[in-house]
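1. need coordinates for the below:
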Amino acid sequence: MKNYTSVPNIITNKDLSYIDDIFKSNFLAIKNTYDAISNIEDEELEKHLKKADKLFNTNISNILSYLNEGGYNENN
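-> Residues are numbered from 1 along each chain as shown. Down below sits the predicted model:
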């Protein structure tokens, strides 16, 4: 087993499986919050659902950006 002094610029199958799970969870959450927002009458609850929807969309965008960069992140 090789010991790395820094994070290698690769995505393993295990990493990809984890990313896939996170992506699917956030995508499902977006679909569910969108449906709930379109059917809700309580303005306070709608505000919180929109905030959650924004968070899920940000997570999806971050995942896609990370993958488009090839897994490279300057902070690693």
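2. CA only for contacts and neighbour counts going forward, please
-> OK.
3. looking at Lys54 now. What's its pLDDT?
-> pLDDT recorded at Lys54 is 96.
4. go on, the one 3 residues further on?
-> Asn57 carries a pLDDT value of 96.
5. identify the residues contacting Ala29.
-> Counting by C-alpha atoms under 8 Å, 6 or more residues apart in numbering, Ala29 makes contact with Asp53, Phe56.
6. what about Asn57, how many neighbours?
-> Other residues near Asn57 come to 16 when the count uses other C-alpha atoms under 10 Å.
7. now do the contacts for Asp53.
-> Per C-alpha under 8 Å, 6+ apart, neighbours of Asp53: Ala29, Ile30, Thr33, Tyr34.
8. list only buried entries from those residues.
-> Ala29, Ile30, Thr33 (16 or more other C-alpha atoms under 10 Å).
9. tell me the one of those residues nearest Thr12?
-> Among the buried ones among the contacts of Asp53, Ala29 lies closest to Thr12 (C-alpha to C-alpha), at 25.6 Å.
10. circling back to that earlier point, just the ones of the buried ones among the contacts of Asp53 in helices?
-> Here DSSP state H is the test, and the buried ones among the contacts of Asp53 give Ala29, Ile30, Thr33 as lying in helices.
11. possible to save those as JSON lines with pLDDT and distance to Lys47?
-> Below are these laid out as JSON lines (pLDDT from 0 to 100; distance: C-alpha to C-alpha, whole Å):
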{"residue": "Ala29", "pLDDT": "96", "distance to Lys47": "16"}
{"residue": "Ile30", "pLDDT": "95", "distance to Lys47": "15"}
{"residue": "Thr33", "pLDDT": "96", "distance to Lys47": "11"}
